[in-house]
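Q: 3D model of this:
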Amino acid sequence: MIMEKLNSVLLNPKYKLGANLDGWRAVGGGEGLLAALARPDEILSTLEQSGLRGMGGAGFPTWRKWTAAAEAVGDEKYVVCNGNEDEPGTFKDRHLLRWTPHQVIEGALIAALAIRANRVVFYINPHQSEGLAEMCHAVAEWRDSDLLGLIETVIGRPVCLTVTPSSGRYIGGEETAVVSWLEGGFPFPRRKPPFPADKGVGGLPTLINNTETFANVVHILREGAAWYRGLGIGNAVGTKLFSLSGDVLKPGLYELPMGTSLEELVFTHGGGMLDGKAFKAVFTGGPSNTLLTARDLDVALDFDSVRSRNSRLGTGAMIVISEGTSIVRKVAEYIDFFAGGSCGQCPSCKCGTFQMARLLERIATGSGSRDDVRAVDNLCAILPGSGRCALIDGAVTVVESSMRTFPEEYGL
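A: As a prediction, this is how the structure comes out:
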C-alpha cells in the first residue's frame, strides 16, 4: 500500500516523455486545459476548492495569488514559471523541466487563461542545461498547437511563449529579482509592496509561480478539486515532491502524499541511514529552516504540521544528517553558500553572511574561540529583518536552530 502511493501523479512514469506533445496528449495531456477552456470563469474557484498551495517554498494559497493577478487592471499581463531552482538539496524542478515539460507548460497556460495574460515566460536556471533545452523544444511544439489558438480565442489576443535563462544566481529565484532580471537588470530583490501581481515586469500585472505548482494545476483541472484533496493524508491535500539527500541509502526524488511522515520518507523510501548509523537531524525545505531531530520523525510532511514543529516544509528538500556528522560543519557550508549568493544590495546581508561564514568555519575546524561563538550569537540577534529579501533571515534561522538544538557542538 505504501509503495502504491509513490510517484502517482507528477512523477507517474507514463508522463516521462520529454518534449513530445503528441505523446503527452495521448496519455491525457491537454484535457486539463480543455476543461479550463470550457469553464474559464471556474478555474479560480476550482483551485480554491482543491487547496493547492505554492510549492516554491512559501506555501501560499495558489488561488489567492491568481485572484490578485486576475483582478489587477492591465491590458497586458505576464505569467512567469519560476524554474531558477539553485538551493542546496533541491532538485525537483529540474526533473519536471527535463522529463515532463508539457505538464509545466500546460499548467502555465491554464494560469494565463485564468488571469487573461498574453505573455508566458519560462524562467529557467541555465545550469540546468538539459531542462532548458527540453523546454525550448516543448515550447516550440505548443506554438504550433491548436490548443494555443483556442486560448488566444478566449483571451482575445495572441499569446507569446518565451523561454528565458535566469541569471543562474541563487537570489535570482526571489520573485521581485525575477522581475528585475526580466526587465533587463541585475536580479536585485525589491521591497514589497507593490507585489508583482499588481506591478511586475514592465509595470504590468505579473503572476509568478514555481514549476511544481503549475504542474499540479493540469491534473486538478482534469480530475477535479475533490480528487486532489483526496490524495493527501489526514487534513493535508495533494502530493509533494521530496528531494531526499544526505546520509540515506537511497537518495532521490520521491512524490508522496502530503502528510506522509518524515520517518516513512527516510526509512521506507530512503532505505534508512548509511552504514546503519542513527538519525541525527534533517534540514527541511533546504538549508534555511529550523532543524528537525529524531524526536520529530513522526511529523507529517505538510505545510501546517511542519510549521507546528517551528520549521517549514519549504521546497520539500530533506537533507538528512547521521550521528557522527558535525552539524556545525554542515551549517558552515550552507552559510558560505548564502554568503556567495547574496546580491550585495544590503550591506547587512552581504557583510553579515560573510562574517558568519568566517566565524563558523573557525568553529567547525576547532580553531574557534568562545568569543567567536558569542559573535555568531550577536549576529543572529541583530541581522534578522535587515534585508530586502529573506536570504539573511533564512541564514540566521538555521544558525540559531543549530546552536539551540546542538549547543554542545558549539561548546555551549
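
Q: quick one: low-confidence parts of this protein?
A: Low-confidence regions of the chain, defined by pLDDT under 70, span residues 1-4.

Q: Spatially central residue (nearest the centroid) of it, please.
A: When Cα atoms, centre = their mean is applied to the chain, the residue found nearest the centroid is Gly56 (2.4 Å).

Q: For it, list the residues it contacts.
A: Residues in contact with Gly56, defined by Cβ atoms under 8 Å, 6 or more residues apart in numbering, are 82, 173, 209-210, 212-213, 315. To be clear about C-beta, it is placed using only N, CA and C from the backbone, and glycine gets the same treatment.

Q: longest strand anywhere in the protein?
A: Counting by DSSP state E, the longest strand found in the chain is strand 239-246.

Q: Next SSE downstream of it?
A: Secondary structure here is assigned by DSSP states H and E; on that basis, the next helix or strand after strand 239-246 toward the C-terminus is strand 252-257.

Q: Strand 239-246 and that next one, what's the angle between them?
A: On the basis of axes from the mean of the first three to the mean of the last three Cα atoms, to 10 degrees, strand 252-257 is oriented at 150 degrees to strand 239-246.

Q: Which residues does strand 252-257 contact?
A: Contacts of strand 252-257 (Cβ under 8 Å, 6+ apart): 5-11, 91-92, 95, 231-233, 236, 238-244, 264-265, 269-270, 301.

Q: Separate out the buried members of those residues.
A: Neighbour-count burial within the contacts of strand 252-257 applies to 5, 7, 9-11, 91-92, 95, 231-233, 236, 238-244, 264-265, 269-270, 301; the criterion is 16 or more other Cβ atoms under 10 Å.

Q: Please flag which of these sit within strands.
A: Here DSSP E is the test, and these give 239-244 as lying in strands.

Q: TSV for these, including distance to Val331?
A: Supplementary listing: these in TSV, determined by distance: Cβ to Cβ, whole Å:
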residue	distance to Val331
Thr239	30
Lys240	25
Leu241	25
Phe242	22
Ser243	19
Leu244	20
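
Q: ok, the residues you listed vs Ala278, which is closest?
A: Using Cβ to Cβ, Leu244 comes nearest to Ala278 of those, at 17.5 Å.

Q: what bridges to the closest one?
A: Under the criterion DSSP bridges, Leu244 forms beta bridges with Gly252, Met318.

Q: could you list every residue that touches it?
A: Counting by Cβ under 8 Å, 6+ apart, Leu244 touches 250-254, 265-266, 269-270, 318, 320.

Q: okay if I get the residues you listed as TSV plus distance to Gly30?
A: Rendered in TSV, the data for the contacts of Leu244 read as follows (distance: Cβ to Cβ, whole Å):
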residue	distance to Gly30
Lys250	34
Pro251	34
Gly252	29
Leu253	25
Tyr254	27
Leu265	32
Val266	37
His269	31
Gly270	35
Met318	33
Val320	39
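
Q: Narrow these to those that are buried.
A: 251, 253-254, 265-266, 269-270, 318, 320.

Q: Kindly indicate which of those residues lies nearest Pro189.
A: Relative to Pro189, the closest of the buried ones among the contacts of Leu244 is Met318; by Cβ to Cβ it sits at 26.2 Å.

Q: doesn't Glu264 make contact with the closest one?
A: No. Met318 is not in contact with Glu264 according to Cβ atoms under 8 Å; the separation is 11.7 Å.

Q: Need the overlap of contacts for those two.
A: Between them, Met318 and Glu264 share no contacting residue under Cβ under 8 Å, 6+ apart.

Q: quick one, what contacts the residue lying closest to Met258 once chain neighbours are set aside?
A: Across the structure, with Cβ to Cβ, 6 or more residues apart in numbering as the measure, the residue nearest Met258 apart from its sequence neighbours is Ala236 (3.7 Å). Residues near Ala236 by Cβ under 8 Å, 6+ apart: 257-259, 300, 302, 304-305.

Q: now those: which count as buried?
A: Of all those considered here, the ones buried according to neighbour count by 16+ other Cβ under 10 Å are 257-259, 300, 302, 305.

Q: Tabulate those in TSV, adding columns for distance to Ser348.
A: Output for these, formatted as TSV (distance: Cβ to Cβ, whole Å):
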residue	distance to Ser348
Pro257	41
Met258	36
Gly259	38
Ala300	36
Asp302	33
Ser305	33
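
Q: ok, back up a step: return the distance of the longest strand of the chain from the chain's centre.
A: Its chain's average C-alpha position is 11 Å from that of strand 239-246, according to Cα atoms, centre = their mean, to the nearest Å.

Q: how close does the spatially closest residue to Gly385 that is not a sequence neighbour get to Ala317?
A: With sequence-adjacent residues excluded and distances taken as Cβ to Cβ, 6+ apart, Gly385 is closest to Asp393, at 6.9 Å. When Cβ to Cβ, to the nearest Å is the yardstick, Asp393 and Ala317 sit 18 Å from each other.

Q: likewise Lys277?
A: Per Cβ to Cβ, Lys277 is found 21 Å from Ala317.

Q: Comparing these two, which residue is more hemmed in?
A: When neighbours are counted by other Cβ atoms under 10 Å, Lys277 and Ala317 differ, and Ala317 comes out ahead with 28 against 14.

Q: Could I get the contacting residues of that one?
A: Here Ala317 is in contact with 87-92, 242-243, 245, 283-286 (criterion: Cβ under 8 Å, 6+ apart).

Q: now do Ser348
A: Going by Cβ under 8 Å, 6+ apart, Ser348 touches 383, 386-387, 392.

Q: now it: how far from Gln355?
A: 10 Å.

Q: for Glu141, same thing?
A: Applying Cβ to Cβ, the value for Glu141 to Gln355 is 50 Å.

Q: now swap in Ala69 and tell me
A: Plainly put, Ala69 is 39 Å away from Gln355 if you go by Cβ to Cβ.
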